[in-house]
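Enquirer: 3D model of this:
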Amino acid sequence: MDSDFRKKVYSKFGDSGETSLLYGGRISKNNEHTEAYGITDEAVSAMGLARALSRDEDVKNLLRDLQRELFIVAAELATDPEKYELFHKHFTPITEQMVMNLETAIDSLEQKCEMPKVFILPGGSPESAAIDLARSIIRTSERRVVKLAEINKLTNPLIVMYLNRLGDLLFVLARYQDRDIPLEFATGDRA
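Expert: Sure, this is the predicted structure:
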């Protein structure tokens, strides 16, 4: 491939501590929006690790679908509220139906395996540990999005609900992934 046609990974535009928003505008890399979508991206990567480790096709497929939906969350968070109409031209925002789909997935998984009644230590398997890592990152993302809502910079309040349910789903999914492995409780006992 001719190097003149190849796009470089580095642009140098971020060297001053700013980054571009989707559909234009520049903000500090320490901005509330950047924090929120950056942490959401971390969760996408942790879910990718979990998906790569898992040998359960149902778990892998669910994680892949959730990763795709999180890209929508990140895109919404990376859009300047003044340019939100442009986002709507290219993406479907997080909807109530998407939140309900997470609840349906939680209900389905809970019917397939019993949930612990006490705190457990993550790490029953590499697969569930990666899912639990994604869950804890999602909880951080949720806190950052709540901060955006508190300062009236969140364009879609359903994102908070979505992230809350997603954290719940990832907890249940990690337990489902390890459904045949005895749990280790935070108190030191084993199931």
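Enquirer: State the mean pLDDT of whichever helix or strand residue 84 is part of.
Expert: Take DSSP states H and E as the rule and residue 84 turns out to sit in helix 84-90. For helix 84-90, the mean per-residue pLDDT is 80.
Enquirer: Output the contacting helices and strands for it.
Expert: Packed against helix 84-90, as judged by 3 or more C-beta pairs under 8 Å, 6 or more residues apart in numbering; DSSP states H and E, are no other helices or strands. C-beta here means a position set from N, CA and C on the backbone, and glycine is covered the same way.
Enquirer: What is the burial count for residue 178?
Expert: Here the number of neighbours of residue 178 (other C-beta atoms under 10 Å) works out to 21.
Enquirer: Spatially nearest residue to it, not counting backbone neighbours?
Expert: With sequence-adjacent residues excluded and distances taken as C-beta to C-beta, 6 or more residues apart in numbering, residue 178 is closest to residue 124, at 4.0 Å.
Enquirer: What's the separation between residue 98 and residue 166?
Expert: Counting by C-beta to C-beta, to the nearest Å, the gap between residue 98 and residue 166 amounts to 10 Å.
Enquirer: okay, these two: which has more neighbours?
Expert: residue 166 (29 against 19).
Enquirer: mean confidence for the longest helix along the chain?
Expert: Counting residues, the longest helix in the chain under DSSP state H turns out to be helix 126-150. Per-residue pLDDT over helix 126-150 has a mean of 96.
Enquirer: Next, please give the residue ranges for the strands of the protein.
Expert: Taking DSSP state E to define them, one finds strands in the chain at 18-20, 26-28.
Enquirer: hmm, back to that, what's the longest helix of the chain packed up against?
Expert: For helix 126-150, the elements it packs on are helix 32-53, helix 57-77, helix 158-177, judged by 3+ C-beta pairs under 8 Å, 6+ apart.
Enquirer: comparing those, which gets the lowest mean pLDDT score?
Expert: Ranked by mean pLDDT, the helices and strands packed on helix 126-150 end with helix 32-53 at the bottom, a mean of 90.
Enquirer: Looks like residue 172 contacts residue 111 (just checking).
Expert: No - counting by C-beta atoms under 8 Å, residue 172 stays clear of residue 111, with 10.5 Å between them.
Enquirer: more neighbours, these two?
Expert: Per other C-beta under 10 Å, whichever of residue 172 and residue 111 has more neighbours is residue 172, with 20 against 8.
Enquirer: wait, what's in contact with that one?
Expert: 106, 109, 110, 115 (C-beta atoms under 8 Å, 6 or more residues apart in numbering).
Enquirer: Can you report how many residues neighbour residue 52?
Expert: The number of residues packed near residue 52 is 12, by other C-beta under 10 Å.
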